[in-house]
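Novice: here you go, sequence then predicted model.
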Amino acid sequence: MIVCGRSHAKTQAFINALPAWTGRVSIALLDRASASEADIAALNVFCVVDAAGPFQGATTDFARAVIDAGAHYVDLADARDFVAAFPALDEAAKARGVLAVTGASSTPALSHAVIDELTRGWAHIDGVEIAISPGGQAPLGLTVVKAILSYAGRPVRVWLHGRWATKPGWGMTVRRRMCDFGARFLSLVETPDLDLVPKRFPAVRNAVFRAGVELPILHLGLWALSFLVRLRLMTNLTPLAEPLYDIAAFFRRFGSDCGGMIVAVTGVYGDGTRLSAQWSLIAEAGDGPRIPSFPALCVVRALLDDSLTARGATACVGLVDLGTIEADFRRFAIRTDGASTVLERQPLFQRALAHFDAMPEQVRASHMPDPATDLAGEVDVTGAANWLGRLIARMMRFPRAANGLPAAVTIEREGEGEIWIRRFGATTFSSHVSKGEAGNLVERFGLLNFDLDAHADTAGFELSIRRARLFNIPLPGFVTPSTRARAFVDLQRRYRFDVEITMPIIGRLVHYRGWLQPAGDAKDHGHAR
């Protein structure tokens with residue numbers, strides 16, 4: 001093996017730390033940024049592994065030089081733009097009879113190996129959520145800090161609810177339980193999986209990749225700083241890389257040596273059973289930083305023993321299976337676990353409304369997502385009654401007053417519940433609806449939970465708020481909103497909705513009413529009133 005670097009002294013120090021390799025490793029000075037085909041050919045190597053990084057914003061020139069020199073190429077890239085540009089090398093790699101692999105790392109190689117294993121035998125995949133949270137004591141290089149800061153607060157394209165949406169990097173922040181070491185904050189990061197999951201699995205409706213910093217003060221601190229970019233006060237946060245790197249280094253002593261990764265998938269098995277499956281990884285004793293190298297190691301081994309015969313340039317998906325990668329985990333303090341949960345086959349409303357079958361067909365069909373229902377039509381909106389109501393409505397992201405706005409509504413399964421996304425004109429607002437412990441419906445808007453009374457009959461259904469809670473704390477009546485929500489069918493046999501939300505003393509917050517049809521049908525009847 002030849003270890004390449006720009007500094008002979010640093011490379012020698014690295015080799016000295018590997019006593020088992022004494023006499024089996026040599027050194028070559030090589031600068032990836034300027035290495036030519038001739039430089040690589042002079043090494044006379046079978047395969048080149050690029051583990052240097054950073055790959056964010058990098059070109060594929062070095063990979064092309066390796067291919068032109070007639071050697072196989074493998075890298076540990078987790079940069080979305082780099083991996084997306086890599087297929088342009090495919091023709092050259094095939095012409096030279098070599099395999100060039102990018103992303104042989106935790107993402108996308110390991111994450112996709114997990115997805116493939118979890119969904120073996122499935123009919124289709126509805127959603128994928130991936131998350132990584134390293135331990136706070138894990139070494140964090142300046143290049144990694146710069147990579148994170150390059151997209152924090154900047155627009156990131158994400159596949160959500162069956163369409164591309166733009167969300168801020170290091171946004172979409174949630175708090176998730178990571179394996180068995182407690183809950184951690186996680187935020188949206190720019191990775192190749194955001195492109196590769198929708199590409200490999202066309203039926204998927206959601207593909208999200210989040211990462212986190214173990215210590216909340218660092219994670220939420222970066223989230224707060226990202227607003228400098230969101231508000232366009234800074235183009236990006238990379239000028240802050242060195243001071244933030246020093247701050248992170250100071251706080252390392254307060255972190256742990258325990259990191260984790262989860263891959264959660266929902267979908268339908270071949271026999272029609274709805275499933276939710278999750279794989280989790282726990283790395284202790286500081287072994288987490290080893291994980292990104294294992295997929296690359298597996299690819300090199302497969303090339304050496306001729307079990308990997310593919311040629312061309314590709315991302316590392318479908319090349320190495322999970323069992324092969326996990327075999328290397330056993331040498332370290334790394335353990336994994338996986339489990340599947342059977343979900344309800346019946347849609348939420350069918351389970352929650354006693355007289356669901358009595359409702360008109362158009363209403364029933366709209367509330368039987370499998371996995372989603374997309375509706376389109378028109379809406380009229382009456383705004384709040386006063387300035388205080390308008391302020392609250394704006395905080396809730398309710399639409400402003402207007403008539404004849406284009407309306408699009410998506411009702412999508414999410415676990416045992418549903419998420420409702422309403423797009424009225426340029427305004428989008430959403431809520432999560434689930435079945436409460438008492439069998440009633442519960443609708444969640446952010447931190448607010450509303451217990452709903454629901455009644456269905458031959459005309460349609462009605463919903464009203466029974467009580468409101470902030471987190472799980474009941475709100476007093478004088479700050480509890482009330483709602484009058486109806487769904488029925490009009491003379492044109494279209495789904496009609498009429499929703500008014502008011503608050504005590506303040507009065508109306510919003511009143512919206514309109515019609516909807518299946519998205520394809522609505523285009524043909526857009527002018528029907």
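Specialist: Nice, thanks for sending it over.

Novice: neighbours around residue 36, how many?
Specialist: 13 (other CB atoms under 10 Å). All C-beta atoms are positioned from the backbone trio N, CA, C, and that covers glycine.

Novice: and what of the one 10 residues further on?
Specialist: Other residues within reach of residue 46 by the criterion other CB under 10 Å amount to 12.

Novice: longest helix in the chain, please.
Specialist: Criterion DSSP state H: the longest helix present in the chain is helix 216-230.

Novice: check which residues of that one are buried.
Specialist: Under the neighbour-count criterion of 16 or more other CB atoms under 10 Å, helix 216-230 has 218, 219, 221, 222, 223, 225, 226, 228, 229, 230 buried.

Novice: flag the shaky bits of the chain, pLDDT-wise.
Specialist: By pLDDT under 70, the weakly predicted segments of the chain are 22, 521-529.

Novice: returning to what we had before: give me the residues contacting the longest helix of the chain.
Specialist: 136, 148, 152-154, 168-171, 173, 184-185, 187, 212-213, 234-237, 240, 244, 247-248, 251 (CB atoms under 8 Å, 6 or more residues apart in numbering).

Novice: next SSE after that helix?
Specialist: helix 241-251 (DSSP states H and E).

Novice: elements contacting the helix or strand following that next one?
Specialist: The first helix or strand that comes after helix 241-251 along the chain, using DSSP H and E, is strand 259-269. Contacts defined by 3 or more CB pairs under 8 Å, 6 or more residues apart in numbering; DSSP states H and E place strand 259-269 against helix 111-118, strand 122-133, strand 274-283.

Novice: let's see strand 259-269 as CSV, backbone CA atoms only.
Specialist: Only the C-alpha atoms of strand 259-269 are listed here, as CSV (Å, rounded to 0.1, in the frame of the first residue of the first chain):
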residue,chain,number,x,y,z
GLY,A,259,-22.3,8.2,18.1
GLY,A,260,-25.2,6.8,16.1
MET,A,261,-27.0,6.4,12.8
ILE,A,262,-30.6,5.5,12.0
VAL,A,263,-32.3,4.6,8.7
ALA,A,264,-36.1,4.5,8.9
VAL,A,265,-38.3,3.4,6.0
THR,A,266,-42.0,3.1,5.5
GLY,A,267,-43.8,1.4,2.7
VAL,A,268,-45.8,-1.7,1.6
TYR,A,269,-44.6,-5.3,1.6
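
Novice: still on that earlier bit, of the contacts of helix 216-230, select the buried ones using a PyMOL command.
Specialist: Remark: buried members of the contacts of helix 216-230, expressed as a PyMOL selection using 16+ other CB under 10 Å:
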select buried, resi 136+148+152+153+154+168+169+170+171+173+184+185+187+212+213+234+236+237+240+244+248+251
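
Novice: quick one: which helix or strand includes the residue nearest in space to the middle of the chain?
Specialist: Among the residues of the chain, residue 208 comes closest to the average C-alpha position under CA atoms, centre = their mean, at 1.0 Å. Element membership of residue 208 [criterion: DSSP H and E] is strand 206-211.

Novice: show residues contacting that strand.
Specialist: Identification of contacts with strand 206-211 by CB under 8 Å, 6+ apart yields 107, 111, 126-133, 158-161, 172, 174, 176, 186-189, 191, 193-194, 197-198.

Novice: what sits against residue 442?
Specialist: Each residue near residue 442 by CB under 8 Å, 6+ apart is listed here: 433, 434, 435, 436, 449, 450, 451, 452.

Novice: can you tell me which of those residues are buried?
Specialist: 433, 434, 435, 449, 450, 451, 452.

Novice: identify the residue nearest the fourth one in space, chain neighbours excluded?
Specialist: Spatial nearest neighbour of residue 449, excluding adjacent residues (CB to CB, 6 or more residues apart in numbering): residue 469 at 4.5 Å.

Novice: quickly find the element holding the one you found.
Specialist: Assigned by DSSP H and E, residue 469 falls in strand 460-470.

Novice: off-centre distance for whichever helix or strand comes after that strand?
Specialist: Using DSSP H and E, the next helix or strand after strand 460-470 towards the C-terminus is strand 473-474. Computed by CA atoms, centre = their mean, to the nearest Å, the chain-centroid distance of strand 473-474 equals 31 Å.

Novice: show me what residue 434 is bridged to.
Specialist: Counting by DSSP bridges, residue 434 forms beta bridges with residue 442.

Novice: measure it to residue 174 for me?
Specialist: 16 Å (CB to CB, to the nearest Å).

Novice: picking up where we left off before, and the contacts of residue 442 as CSV, adding distance to residue 492?
Specialist: Shown next, in CSV, are these (distance: CB to CB, whole Å):
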residue, distance to residue 492
433, 27
434, 32
435, 32
436, 35
449, 36
450, 31
451, 34
452, 28
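
Novice: and those residues, which is closest to residue 103?
Specialist: In terms of CB to CB, no member of those lies closer to residue 103 than residue 434, at 36.1 Å.

Novice: one step back: any idea what the residue nearest to the centre of the chain is bridged to?
Specialist: Beta-bridge partners recorded for residue 208 (DSSP bridges): residue 129.

Novice: show me what stretch 348-358 is in contact with.
Specialist: If you take CB under 8 Å, 6+ apart as the criterion, stretch 348-358 is touched by 344, 359, 364, 367-368, 413, 416-418, 433-435, 439-441, 454, 456-458, 461.

Novice: which of those residues count as buried?
Specialist: 359, 364, 367, 413, 417-418, 433-435, 441, 454, 456, 461.

Novice: quick one: end-to-end length of stretch 306-315, please.
Specialist: Distance between the two ends of stretch 306-315: 19 Å, counting by CA to CA, to the nearest Å.

Novice: okay, buried residues for that stretch please.
Specialist: Within stretch 306-315, the residues that count as buried by 16+ other CB under 10 Å are 308, 311, 312, 313, 314, 315.

Novice: from the chain's centroid, how far away is that stretch?
Specialist: Computed by CA atoms, centre = their mean, the chain-centroid distance of stretch 306-315 equals 28 Å.

Novice: which other residues reach that stretch?
Specialist: By CB under 8 Å, 6+ apart, stretch 306-315 touches 63, 67, 83, 86-90, 92-94, 97-103, 108, 192, 196, 299, 302, 319.
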